[in-house]
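# Here is a sequence with its predicted model. Questions after.
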Amino acid sequence: MKLLAEGTVAFDAIETPFGKTDKILGGAATYIGLAASVMKTDVSLVSVIGGDFPQHYLDMMTSKGINIDGVEMIKDGKTFFWSGKYHNDLNSRDTLATELNVLENFDPKIPESAKDAEVLLLGNLHPAVQLAVLDRMEKRPQLVILDTMNFWMDLTWDLLMEVIAKTDVITINDEEAHQLSGEYSLVKAAQKIHDMGPEFVIIKKGEHGAL
């Protein structure tokens, strides 16, 4: 099975009540790729990085069998960076810094070998980028999975609705489900989001699992 994952390959700086890191390897596409590689999936990534991204991280991904032909490097640019501080419950967090850098003008380039992927995972990026990836596939994948967040709900509602209508699975957390649906009950929220297009709605509930 071929899986194409679009998303961030990035740097994170994380602070929790139990410890703190400076710049470490982050990004949704990075960890989608690593997780899929454990399952022996033929996985390709679509993302963008700057010239500051260490080669040894790329080598690590290729050593796991991850196809990074779709990871574009802008040599004179900087890699996307996010910093956050998690609260005592480790569910809620505060964003301390978001630096889009090369991600600001990202135009996704899909490797020819991945354009016929059966599964497409649209990681948490601008809905316009997600739509571009979907439109550039040779044919509609058998399964389209979407991740998004409240940031895009606030700024790009109409585009986000267009993406949601074209997906089979959406995965969001409980706070985002409330905002997307306008419902307080997660059961009612899931039904309302289901009616927007996705066949499956996964609502993440932190330490309490998922619905």
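Looks like it came in fine.

# Quick check: end-to-end length of stretch 201-211?
Stretch 201-211 has an end-to-end distance of 8 Å (criterion: CA to CA, to the nearest Å).

# same check, this time on stretch 135-146
Across stretch 135-146, the terminal residues are separated by 14 Å (CA to CA).

# Show residues contacting that stretch.
4, 108, 110, 115-122, 130, 134, 163-164, 166-171, 198 (CB atoms under 8 Å, 6 or more residues apart in numbering). All C-beta spots, glycine's among them, are computed from the backbone N, C-alpha and C.

# List buried residues within those residues.
Using 16 or more other CB atoms under 10 Å as the burial test, these include 4, 108, 110, 117, 119-122, 130, 134, 163-164, 166-171, 198 as buried.

# Let's see which of those residues end up in strands.
L4, V119, L120, L121, L122, V169, I170, T171 (DSSP state E).

# isn't the second one right up against L4?
Read it as V119. Yes - with contacts counted by CB atoms under 8 Å, V119 reaches L4, the gap being 7.3 Å.

# Kindly provide the whole-number mean pLDDT of stretch 4-21.
Throughout stretch 4-21, pLDDT has a mean value of 95.

# any low-confidence regions in the protein?
When residues are selected by pLDDT under 70, none of them lie in the chain.

# So which residues of it form helices?
In the chain, the helices defined using DSSP state H lie at 28-38, 55-63, 127-135, 150-155, 157-165, 174-181, 186-194.

# which residues does the residue nearest to the spatial centre of the chain contact?
Nearest to the mean C-alpha position of the chain, by CA atoms, centre = their mean, lies G123 at 2.2 Å. Counting by CB under 8 Å, 6+ apart, G123 touches A5, E6, G7, T8, A28, A29, I32, D147.

# Go again with 10 Å.
By CB atoms under 10 Å, 6 or more residues apart in numbering, G123 lies in contact with 5-9, 27-32, 45-47, 129-130, 133, 145-148.

# Next one: K205 relative to D94, how far apart?
To D94, K205 is 20 Å away according to CB to CB, to the nearest Å.

# With neighbour numbers in mind, choose between these two.
Neighbour totals were compared for K205 and D94, and K205 leads with 13 against 10 (other CB atoms under 10 Å).
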